[in-house]
Every structure is written in structure tokens, then in C-alpha cells.
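Q: Fold the following, please.
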Amino acid sequence: MTEPSFSIPTIRLKPKANARAIRHGAPWVYDNELVVDRRTKSIQPGAIARLEDAERHFLALVAVNPNSRIFGRVLAREEDEQIDEAWFVAKLAAALTHRAHMFDAPFYRLVHAEADGLPGVVIDRFGDTCVVQPNAAWADVRIEMLTAALRQVTGVSTVVMNGTGRARGLEGLDEKTDILTGAIDGPIPVQMNGATYMADIMGGQKTGLFYDQRPNHAFAQRLGHGQRVLDVFSHVGGFALATLAGGATSALSVDSSAPALELAEQGAAAMGATDRFATRKGDAFDTMAALLEEGETFDVVICDPPAFAPSKNALEKGMRAYERVARMAAPLVREGGYLGLCSCSHAADLETFRNACNRGIGRAARSAQLIHTGFAGADHPLMPQLAESGYLKALFYRMMP
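A: Numbering: from 1, shown residues only. Model (predicted):
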């Protein structure tokens, strides 16, 4: 699908809107920044439009969605750019060049939305399979074009569309998951940091595996050598399997999802680490309380919960939840041991999250040194003009005697 120039509508910023931000690389235009009338409201979700400043100077080509607070997403800075299959091929090829340089096997996040020039689009690669999350209307209506370009650039045979999650709801898009081409026979084994993870492409969370924690798994691996490890909110084995691959004497995975823990057990078996691995199904807070009551302590405790603060409106409540995690996890760490606390909340910046963790550790009557701050891997680049693209934070503490 290509919109000829004569058919492209124009949308315009209000006089007091910050056109300079767009000129300097900001990727989003909110509905309250635009002159919105009956004509602009009637633009079909996913259409391409010209964005002008209040003086009618061209700023960018944007993908429009009148159903979203993010009314426009910048796609191109040149007025004559064609958003066609060749355009997708160029964007995907640029993304692939970076990943192929950074990783020696085709298991990574191939496209990280705005940071890779494809706003709202996430693509994770699992060898010969790619999972696409078209979380914006413009990509959703061009999914066939995107799929064709993806196969051309990567050579993968299987492409899965994962159309689930909060982001699609904010765009007014339906939830759906579908195999667009190829076939899925079962969980896909993924090697990271010497560990084996089983990615459930069709039934797991998000795309089936979280690649973003790769460097933090590697750091925890060093802490866990020869140690007893507790991994809370473990998903498919996360930190537990990484530390086992690094020589941990034992690892216990805690999660509320039985299917996720079953995949973790499959991963441990593939690594030959079943005798050092155990799982415990249950609510994370209840399980931490039970372990404390049982008198358990561990050398390394890591908590990687879901996004407790997915939006600014949820920030205060989310910070209380992160503080609670720290307060309950800290007593489970032996003196001189290590505590890892993670957040994938877009709305919480590093300082806010760190303050919540520090309060929780203090409320547990423990003292700690902050020894390392980690972020997402190189396949999750941060767009400097979009703070939300740098969502992942990981804090590692040494609990003082």
C-alpha cells in the first residue's frame, strides 16, 4: 500500500504546540497538540498524513490514528518519502545490520519500535521464526507488506503476528494472534548466556521470551557462581537458568504461571541442570512471605516483576508495589549476599525506581551497597528523544553484614 502524494491529507499543529520538538526528532504528536476538526477526525486509522506547523511549514510524514492519544507517529522527515515495501525493506535491513554485528546467532529483538524507525512495531527473532507485534494502527493495516519485507530481509520462513497487550488497546485495535506464514511446531529452544530457554511463541507472554534482560542475566550469572539462588517472578526461568549455567549450586524459580514454570523445567532439563533446579508455583508476595516464615535464606535473590507502573496514572501505586518487593525480598538474602531488583515500567524513571527500592530495603531493616545498575541489551536501543524506549532498569545490591 502506497499513498500517492495528492491523496495524503494534512494535519496541523496548534500555534502554541512545540514544533521545535518534532524538528529535533520527537516521534509523537498528541491529539491536544493538533488542530482537530471534523476532517482530521475522519482520517482513517493507519493513514499517512503530512504534518505542518502552525505556519503551514512541512514537518514530517506521520501515521495517523484519531482513536489514540498519540494522534501522529513520525515515519519520515522527507515530504516525498514513499511508505511502501521498499521503505520497510530499508528499515529492516538497517535494524538487521546492527543485530548481526552484535550477536553471533539469530536470536534477538530485531526491531525496537521508534528507536528503529518503525513506531509501535516490535519484532523478536527466534532463528527461522519472527514474531511481530504491530502495536500501532499504521503497521496493523500494513501487516502483509511488513511481512513480505521481513521475509525478504531476514529469509525467515515463519512469521507470527502477536496482536495482544495494552498498547493495542490504547490504539483501539482488536487483539488477535495468527501465523501469517510458515508453521509453529512447539516451543523454540533459545540459547542465551549458556542457558537454554524454551520460548512459547503462540501461548507465552508477549513474544514468548524476554531478550531485554540478556546483559542483566550475564551479570547475575557472575554473582550466582557457587551460590544458592532465588528467582522471583521467574517466567520461563529467567535469572535462575542463567545462574545455573554460570555454576550456581541451586536455583529456585517462583512464578504464578504453571505453564511458564513447566517451560523453565524443560529448559533446565535441556541444560542438564534438573538436579540443581526447583520451581514453586504461587503468588510472588505470598511465596516470599512463606519462605521467610520457613526460615529460608539465599545467597542471591532476584525479583523481575511485571510492569507495576505501566502509565503515569499508575506511578504512585506501582512504586508502592516495587517498594514492597524490595521490603519482602531483602530479608531472604543472607548477610553479604546479593539482591537484584528490576522494573520494566515505562512510567518510572531510574531515580524513582531506585528510591522505591531503597525505601523497601530500609523498611526491612537491612543495609546495602548498590553495586551495579543495568539496562536492556543492545538489541533494545534507546531513542534519545523518547524516554519510554529506555524502560528497563535493574539494580543489584550487596546486602551488608
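
Q: alpha carbons only for contacts and neighbour counts from here, please
A: Noted.

Q: surely residue 225 meets residue 251?
A: No: if you go by CA atoms under 8 Å, residue 225 and residue 251 don't touch, sitting 11.0 Å apart.

Q: Those two: who's more crowded?
A: Neighbour count, other CA atoms under 10 Å: between residue 225 and residue 251, residue 251 has more, with 29 against 19.

Q: Quick check: the more buried one vs residue 304, distance?
A: As judged by CA to CA, to the nearest Å, residue 251 and residue 304 stand 15 Å apart.

Q: cool, residue 142 as well?
A: Distance, residue 142 to residue 304, using CA to CA: 34 Å.

Q: same thing with residue 125?
A: Distance from residue 125 to residue 304, by CA to CA: 22 Å.

Q: contacting residues around residue 187?
A: By CA atoms under 8 Å, 6 or more residues apart in numbering, the contact list for residue 187 reads 198-201.

Q: of these, closest to residue 184?
A: residue 201 (7.8 Å; CA to CA).

Q: Return the set of buried residues in stretch 118-137.
A: Buried residues in stretch 118-137, counting neighbours by 16 or more other CA atoms under 10 Å, are found at 118-127, 129-137.

Q: quick one: average confidence on it?
A: The average pLDDT for stretch 118-137 rounds to 97.

Q: swap in stretch 274-282?
A: pLDDT averaged over stretch 274-282 gives 98.

Q: Can you name the residues in contact with that stretch?
A: 244, 249-258, 261, 265, 268.

Q: That stretch spans what distance, first to last residue?
A: For stretch 274-282, the first-to-last residue distance is 20 Å (CA to CA).

Q: Burial check on the closest residue to residue 256 other than its chain neighbours, number of neighbours?
A: Leaving aside its sequence neighbours, residue 256 sits nearest to residue 282 (CA to CA, 6 or more residues apart in numbering; 4.6 Å). A total of 15 residues lie near residue 282 under the criterion other CA under 10 Å.

Q: Distance check, residue 282 against residue 207.
A: 23 Å.

Q: Residue 258 now?
A: From residue 258 to residue 207 the distance is 18 Å (CA to CA).

Q: Can you pick out the residue with more neighbours from these two?
A: More crowded of residue 258 and residue 207, by other CA under 10 Å: residue 207, with 27 against 16.

Q: helix/strand/coil for that one?
A: At residue 207 the chain is in coil, as set by DSSP: H, G, I helix; E, B strand; the rest coil.

Q: Quick check, pLDDT for it.
A: Per-residue confidence (pLDDT) for residue 207: 83.

Q: same deal with the one 3 residues further on?
A: We have a pLDDT of 94 for residue 210.

Q: ok, now the one 5 residues further on?
A: According to the predicted model, the pLDDT of residue 215 comes to 98.

Q: thinking again about what came up before, so which of residue 142 and residue 304 has more stuff around it?
A: residue 304 (21 against 17).

Q: give the contact list for that one.
A: By CA under 8 Å, 6+ apart, the contact list for residue 304 reads 231-234, 341-343.

Q: out of these, which one sits closest to residue 299?
A: Closest to residue 299, out of all of those and judged by CA to CA, is residue 231, at 11.3 Å.

Q: Surely the closest one touches residue 240?
A: Yes: using CA under 8 Å, residue 231 is in contact with residue 240, at 5.5 Å.

Q: just the strands in the stretch 101-250 of the chain please.
A: Assigned by DSSP state E, counting those that start in this stretch, the strands in the stretch 101-250 of the chain fall at 107-112, 121-126, 129-134, 158-163, 176-181, 188-192, 195-199, 228-232, 250-255.

Q: Switch those over to CSV; also include distance to residue 354.
A: Shown next, in CSV, are these (distance: least, CA to CA, whole Å):
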stretch, distance to residue 354
strand 107-112, 25
strand 121-126, 27
strand 129-134, 30
strand 158-163, 32
strand 176-181, 36
strand 188-192, 27
strand 195-199, 29
strand 228-232, 18
strand 250-255, 23
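
Q: who wins for proximity to residue 46 among the ones you listed?
A: Once these are compared by CA to CA, strand 129-134 is nearest, at 11.3 Å.

Q: ok now the closest one, how far from the chain's centre?
A: Chain-centre distance of strand 129-134: 13 Å, with CA atoms, centre = their mean, to the nearest Å.

Q: I'd like to know which elements it is packed against.
A: Counting contacts by 3 or more CA pairs under 8 Å, 6 or more residues apart in numbering; DSSP states H and E, strand 129-134 packs against strand 121-126, strand 158-163.

Q: where in the stretch 51-200 of the chain is pLDDT low?
A: Applying pLDDT under 70 to the stretch 51-200 of the chain picks out no residues at all.

Q: Also the stretch 251-400 of the chain?
A: For the stretch 251-400 of the chain (pLDDT under 70), the answer is none.

Q: Do you have the strands of it handy? List them.
A: Using DSSP E, counting those that start in this stretch, strands in the stretch 251-400 of the chain cover 277-281, 298-303, 333-343, 368-374, 393-399.

Q: of all these, which gets the most neighbours per residue?
A: Of those, the one with the most neighbours on average (mean count of other CA atoms under 10 Å) is strand 298-303, at a mean of 25.

Q: in its sheet, what does it sit against?
A: strand 228-232 (parallel), strand 333-343 (parallel) (DSSP bridges).

Q: Ok, which of the ones you listed comes nearest residue 323?
A: So among the strands paired with strand 298-303, strand 333-343 is nearest, using CA to CA, at 10.0 Å.

Q: and the closest one with strand 368-374, angle?
A: Per axes from the mean of the first three to the mean of the last three CA atoms, to 10 degrees, the angle that strand 333-343 makes with strand 368-374 is 40 degrees.
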